[in-house]
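Engineer: Pasting the sequence and the predicted model now:
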Amino acid sequence: MIRFFLFFICFGTLLFAVEETSSSLTKQRIEVMELKKELNNFYKEKETEYQQRKKELENILSQIEKEKKAIQKLHDENLQTLKDIKLEVESKTAKIYNSMKPKNAADIFNQMIGEGKIEDVFDIMIKLKENNVTQILKFLSVSNASMITEKLKNFNADNEKKE
């Protein structure tokens, strides 16, 4: 009987311990499930925030691209306007120098070259009639005439390469 009594006490203690362990595991499982739900909710919130911010950034980026294209278009239009103005000025300047006496034009060109404006003189010279260029070169100083001649030679060589 003592055996039975000891067996009953040991078996009862064991059952109580197993039951306590089982309920402890159940509590932990419930806590883990709740934690998992919280983490899933947190993840969903952050994913939603991320998608919203991503959409906002994409909208901002598309707006920047539109503005960039508008600025580029305006820039191109301004460049074309400047080219048109420059061509008009050069055309009028060429008309003026074509109608001038070669000696007077050469005096002006000598002065401009002396001021370091050889590129301006060259730009005007290539717009003039060939006969006028020849006449003006006669009246330029030797050094200035040689510089202009060299530039004309290089200009013609470059044009031949392009063709």
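Structural biologist: Received the coordinates, thanks.
Engineer: In this protein, what helix or strand scores lowest on average pLDDT?
Structural biologist: helix 142-162 (a mean of 79; mean pLDDT, DSSP states H and E).
Engineer: Can you point out the buried residues in that helix?
Structural biologist: The neighbour-count check on helix 142-162 (16 or more other Cβ atoms under 10 Å) flags 144-145, 147-148, 151 as buried. No exception for glycine: its C-beta is placed from N, CA and C like everyone else's.
Engineer: who does it touch, helix- and strand-wise?
Structural biologist: helix 102-114, helix 118-125, helix 130-139 (3 or more Cβ pairs under 8 Å, 6 or more residues apart in numbering; DSSP states H and E).
Engineer: Compare the ones you listed and report which one is nearest to Lys44.
Structural biologist: helix 118-125 (68.0 Å; Cβ to Cβ).
Engineer: which parts of the closest one are buried?
Structural biologist: Result for helix 118-125 [16+ other Cβ under 10 Å]: buried residues 118, 121-122, 124-125.
Engineer: For that helix, what is the distance to the chain centroid?
Structural biologist: 35 Å (Cα atoms, centre = their mean, to the nearest Å).
Engineer: Same check on stretch 136-151?
Structural biologist: 44 Å.
Engineer: Can you name the residues in contact with it?
Structural biologist: Contacts with stretch 136-151, where a contact means Cβ atoms under 8 Å, 6 or more residues apart in numbering, come from 97, 102-103, 105-107, 109-110, 113, 118, 121-122, 125, 128.
Engineer: And for stretch 101-119?
Structural biologist: 97, 120-121, 124-125, 132, 135-141, 144, 147-148, 151.
Engineer: List the buried residues in it.
Structural biologist: For stretch 101-119, a neighbour-count test (16+ other Cβ under 10 Å) marks 102, 105-106, 109-110, 112-113, 118 as buried.
Engineer: Centroid-nearest residue for the chain?
Structural biologist: When Cα atoms, centre = their mean is applied to the chain, the residue found nearest the centroid is Lys68 (8.3 Å).
Engineer: Need the three-state assignment for that one.
Structural biologist: Lys68 falls in the helix class when you classify it by DSSP: H, G, I helix; E, B strand; the rest coil.
Engineer: quick one: it from Glu119, how far?
Structural biologist: 33 Å (Cβ to Cβ, to the nearest Å).
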